[in-house]
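J.: Build me a structure from this.
(chains A and B)
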Amino acid sequence: MCDQTFLAEVFGPCDKCSKDKPLRPVYVESEQLSYCSLCVEMMATEGLRENETLASLKNEAESLKGKLEEERAKLHDVELHQVAERVEALGQFVMKTRRTLKGHGNKVLCMDWCKDKRRIVSSSQDGKVIVWDSFTTNKEHAVTMPCTWVMACAYAPSGCAIACGGLDNKCSVYPLTFDKNENMAAKKKSVAMHTNYLSACSFTNSDMQILTASGDGTCALWDVESGQLLQSFHGHGADVLCLDLAPSETGNTFVSGGCDKKAMVWDMRSGQCIQSFETHDSDINSVRYYPSGDAFASGSDDATCRLYDLRADREVAIYSKESIIFGASSVDFSLSGRLLFAGYNDYTINVWDVLKGSRVSILFGHENRVSTLRVSPDGTAFCSGSWDHTLRIWA
Amino acid sequence: MERMIVSMQDPDMGIKMRNQRLLITVIPHAMTGNDIVEWLIQKYGISEEESLHLGNLIVKHGYIYPLKDPRSLVLRADESPYRFQTPYFWTSTKWPATELDYAIYLAKKNIRKQGDLVEHEKDNYNLLHKRINHTWDFVVMQAREQLRAAKQRRKGDRIVIDCQEQAYWLVNRPPPGAPNVLEQGPERRSCHTTQVQLTQNMDYYKREIEYCSKAMARTRVKSSICLEGYIKFSEQYMPHDPIMSGCLPSNPWITDDTTYWAMNAPTVPTPTKLRVERWGFNFRELLSDPLGRAQFLDSLKKEFSAENLSFWEACEELRYGEQSRIPEIMDSIYQQFLAPGATRWVNIDSKTMGQTLEGMKTPHRYVMDDAQMHIYMLMKKDSYPRFLKSELYKNLLAEAVIPPETKKRVFPFMRKQRHSSPSPALFLAAGDAEERSRGPTAAPVPEEES
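T.: Prediction:
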């Protein structure tokens, strides 16, 4: 006699393959169904297959990344400072604060230059956006935004409008008017709509288009007049904190940096990510193209600034010092690209020799974090904005 | 910062700590402000100013506290004694400094020495009293307990603990007017949140794989070539960089003299030598300078190929123009430049022309890109080099001015009056929508007197 177990089974059409077979109860998304044994088997292995493919995809991705690094390393035959040995060292560097712009009642978060080389727009935590003639230190326009923490502002290429945004998740464009009877806020145009805070914005070559970066992890290109979304750029795994447009004549790419430690280069036409660099150890606060457009620098919370070359497709220099322990919030190049100015959270500005990798000078003056830094369009000076409520022009 | 603190406390390489005298009590494991500054200078090879600045930041963040004047978190580079804050109180532990704790602290101070509370502390004390009135007995009881326990310790320990607590609360409840070092700005989703982990699914990896495969296939340039490029670029532009080489007659920000801007305004009768030289660096420099572009246009007119530049400009207008006007602009470009028998017909090869005409069936801003690139390259490879060799350019170079350096003022303290310049926005009223779309070429000349 052999032991035999008999299961009391229901016989009927299977819920999946509809064949008449003995059925087993099966739970799919908390609903009870009856499958035949064949379908039960298939369901079990499917689940297994999906996990397998996820793991195998992950492995494939990792190994490809490794191979990519190898490929990149193959062409790396020399370091920047080696090549720069034959370049003359820079002499004593003296830069002083030439203007101090006081008038913001709270932390200055962002600023931008006008193409006329002397006007600037700046925005602050209390929602105020001010346009200054920084040469005379006169305020020319002021707008109060309905939100606090206005983290992004930009001047239009024509000098006739400004764009700004922050915790309101929007980017608004204000035409500048000298008409005393007109309230600037009346002509405001709401252009961009994101699902999280706006961290950076910039006009392209004209007043008609704006590029924005947001805490929702995306960048987007908008038509100003209609507010229409022209292109969106997905790929960052976390908040995007900064962006910069490439100075090329064919004007089609831009770079963005985010909290996922990646700097990504995008094609504005297709919305695709062309290149991606991930060597920082922390959030990337600021990216800026080298004047020739062949490279870009980034400043990060890991207290370093790095230079990435687009043609060699790799990081080519790190600008760091043991005594610098605070993050870099903002970077910009001098006109010739020889100097990199970086504002840090330790209230100082460090000036780096881009080619030699050494620090040329350290500038004191601000009494709180330096949050933004831009070189003027003709390279005669640079402006820094800080949490100490002031902006300083250095030359 | 903590790495730095730890290395400071290293028994061999760190700061030498001794017993410091504070009035009559001896405090062990303390150091002087001078010691700190010296050690920083030595370890990191920085200047005294920087070392003092860095030291001050360390004190402001509460990692080192002063013993002598515990109310102000400032580093003095002299014999004043300092101590390292216990890790319990480090800001990075991110223990919430609760109201209850603060109330106990203030109550202790109040009980111990009536009238010892500073203005803002008094205000806070009263506020807290109102807010957590229900547990006030507990607060007072705790305060009394802690004071009693403290009395049983040696005077030195007591002072140290007091200073530690004081420093901690100065950092966590800064007095009005002092910057709050703990403030960070709007919260960011960092990499470590579960949000990102959710996206680590198949799509994410598929995208990564796709990207990596494409990236593998891209052509890369040897590092040596790229890096040489930077050196060449810097050398070429060095004389043009005002911060590096100064500018003639003088940097307006330094001398308050705006002659430099007047001489380099977008439209001047005689451009400066540096400016004309720059047009020879590359085609982009020439086109981005309105004066250079105008000169180039003149030279093209002589060669009867001026329509190329006009076509390029029109395409730029299409690319950066208003979304709603795209079909209109595209049509106008076609009529003027591409249609058979057009008045300003441009010479494009048949393949590109075919592609463009095909693309025009669905108007979009990039429809002219191929044609535009073709014409751009034509100008760059052909007309531009000829322009540089032409008599026109040579004359421009010869006639270009080199402004004399402004003589140093005899009375350096007499500040020149700074004149304002007309804002570009003033010209908005003139209704130049066309101008606006073309961008910087429309900037007016700032009128200045030197």
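
J.: can we go C-alpha only for contacts and neighbour counts from here?
T.: Fine.

J.: so who does the closest residue in space to B:M360 that isn't next to it in sequence touch?
T.: Once its chain neighbours are removed from consideration, B:M360 has its nearest residue in B:V367; the separation is 6.3 Å (C-alpha to C-alpha, 6 or more residues apart in numbering or on different chains). Applying C-alpha atoms under 8 Å, 6 or more residues apart in numbering or on different chains, one finds that B:V367 lies in contact with B:T356, B:G359, B:M360.

J.: A:T218 too?
T.: Contacts here follow C-alpha under 8 Å, 6+ apart; on that basis A:T218 touches A:S232, A:F233, A:H234, A:G235, A:H236, A:D239, A:V240.

J.: Let me see the backbone angles for the residue nearest to B:M360.
T.: Summarising the backbone geometry of B:V367 under the convention degrees, to the nearest 10, its torsions are phi -70, psi -30.

J.: So it versus B:M330, what's the distance?
T.: Counting by C-alpha to C-alpha, to the nearest Å, the gap from B:V367 to B:M330 is 8 Å.

J.: who touches both of these two?
T.: Common contacts of B:V367 and B:M330, defined by C-alpha under 8 Å, 6+ apart, comprise B:M360.

J.: Would you double-check that A:C219 falls in a strand?
T.: Yes: with the criterion set as DSSP: H, G, I helix; E, B strand; the rest coil, the secondary structure at A:C219 is a strand.

J.: What's the separation between the closest residue to it other than its chain neighbours and A:S334?
T.: Counting by C-alpha to C-alpha, 6+ apart, A:C219 lies nearest to A:A213, which is 4.3 Å off, once chain neighbours are set aside. Using C-alpha to C-alpha, one obtains 24 Å as the distance from A:A213 to A:S334.

J.: Between these two, point out the one with more neighbours.
T.: Neighbours per residue (other C-alpha atoms under 10 Å in any protein chain shown) separate A:A213 from A:S334, with A:A213 holding more: 32 against 27.

J.: Could you pull up the contacting residues of that one?
T.: A:L198, A:S199, A:A200, A:C201, A:C219, A:A220, A:V240, A:L241, A:C242, A:L243, A:S256.

J.: Top of these by number of neighbours, please.
T.: Highest neighbour count within the contacts of A:A213: A:V240, with 34 neighbours (other C-alpha under 10 Å).

J.: For chain B, what's the nearest residue on chain A?
T.: When scored by C-alpha to the nearest C-alpha, chain A has A:C160 as its residue closest to chain B, at 4.3 Å.

J.: Quick check: the gap between the nearest residue to that residue once chain neighbours are set aside and A:V224.
T.: Using C-alpha to C-alpha, 6+ apart and skipping residues adjacent in sequence, the residue nearest A:C160 is B:A425, 4.3 Å away. If you measure B:A425 against A:V224 using C-alpha to C-alpha, the figure is 18 Å.

J.: In terms of neighbours, single out the busier of the two.
T.: A:V224 (24 against 18).

J.: if we can go back for a sec, which pair of the contacts of A:T218 spans the longest distance?
T.: Between all members of those, the longest pairwise span (C-alpha to C-alpha) is found for A:S232 and A:D239 and amounts to 14.6 Å.

J.: neighbour-wise, which of these two wins?
T.: Taking A:S232 and A:D239 together and counting by other C-alpha under 10 Å, A:D239 has the greater number of neighbours (28 against 18).

J.: How about the contacts made by that one?
T.: Residues touching A:D239, when contacts are defined by C-alpha under 8 Å, 6+ apart, comprise A:S214, A:G215, A:D216, A:G217, A:T218, A:G258, A:C259, A:D260, B:R188, B:R189, B:S190.
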